[in-house]
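No sequence on hand, only this structure:
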């Protein structure tokens, strides 16, 4: 499994703004079996403008049936169905840093987050610590912007 090219950003205004947002959410499941922590959409709506680069686009997470701002817990390609009683449970997290991650022909602007309860959930379903996305091993994160390379 590959790891993306990660570059730490010096963006204290974004980290500071993120620290004032609610750092918890409820577990949900999308129609395509994405298990995610549903968090305050302000993580994107308030933080994206702070990126201040017109080439960066807001993530396409707000259409009909989309997740909005979220932290992925289990990707559909990880092929796990979770028990319905796990849904709607609240999980806390904290923002560690902001980085860019290059995957294929895209650069993702993400907040790296840590959540011991989401890690426990992955262990409960015999999944590795890191998420599996398009052949890459990645940690918990909130995507706040994307850009084509």
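Alright, I've got the coordinates. Fair warning: this is a prediction, and the values are worked out from it, not measured in the lab. Residues are numbered from 1 along each chain as shown.

Show me the strands in this protein, by range?
Counting by DSSP state E, one finds strands in the chain at the ranges 5-8, 24-29, 35-38, 70-74, 90-92, 94-103, 106-114, 131-133, 136-138, 141-148.

chain center to the fourth one, what's the gap?
Spelled out, that is strand 70-74. Averaging C-alpha positions (CA atoms, centre = their mean, to the nearest Å) puts strand 70-74 6 Å from its chain's average.

Give me the sheet partners of it and which way each runs.
strand 35-38 (antiparallel) (DSSP bridges).

Touching the lowest-mean-pLDDT helix or strand in the chain from outside, list them.
Ranked by mean pLDDT, DSSP states H and E, the helix or strand of the chain with the weakest confidence is strand 131-133, at a mean of 86. Strand 131-133 is contacted from outside by 1, 72, 74-75, 77-78, 103, 137-140, using CB atoms under 8 Å, 6 or more residues apart in numbering. Glycine gets a C-beta too; all of them are placed from N, C-alpha and C.

Can you add mean neighbour count and distance to residue 58 and give the strands of the chain back as JSON lines?
Shown next, in JSON lines, are the strands of the chain (neighbours: other CB atoms under 10 Å; distance: least, CB to CB, whole Å):
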{"stretch": "strand 5-8", "mean neighbour count": "12", "distance to residue 58": "20"}
{"stretch": "strand 24-29", "mean neighbour count": "18", "distance to residue 58": "19"}
{"stretch": "strand 35-38", "mean neighbour count": "22", "distance to residue 58": "18"}
{"stretch": "strand 70-74", "mean neighbour count": "23", "distance to residue 58": "14"}
{"stretch": "strand 90-92", "mean neighbour count": "15", "distance to residue 58": "24"}
{"stretch": "strand 94-103", "mean neighbour count": "18", "distance to residue 58": "16"}
{"stretch": "strand 106-114", "mean neighbour count": "20", "distance to residue 58": "10"}
{"stretch": "strand 131-133", "mean neighbour count": "18", "distance to residue 58": "19"}
{"stretch": "strand 136-138", "mean neighbour count": "17", "distance to residue 58": "20"}
{"stretch": "strand 141-148", "mean neighbour count": "19", "distance to residue 58": "7"}
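
Redo those strands as a markdown table? Include distance to residue 61.
Output for the strands of the chain, formatted as a markdown table (distance: least, CB to CB, whole Å):
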| stretch | distance to residue 61 |
| --- | --- |
| strand 5-8 | 21 |
| strand 24-29 | 13 |
| strand 35-38 | 10 |
| strand 70-74 | 7 |
| strand 90-92 | 18 |
| strand 94-103 | 16 |
| strand 106-114 | 12 |
| strand 131-133 | 15 |
| strand 136-138 | 17 |
| strand 141-148 | 8 |
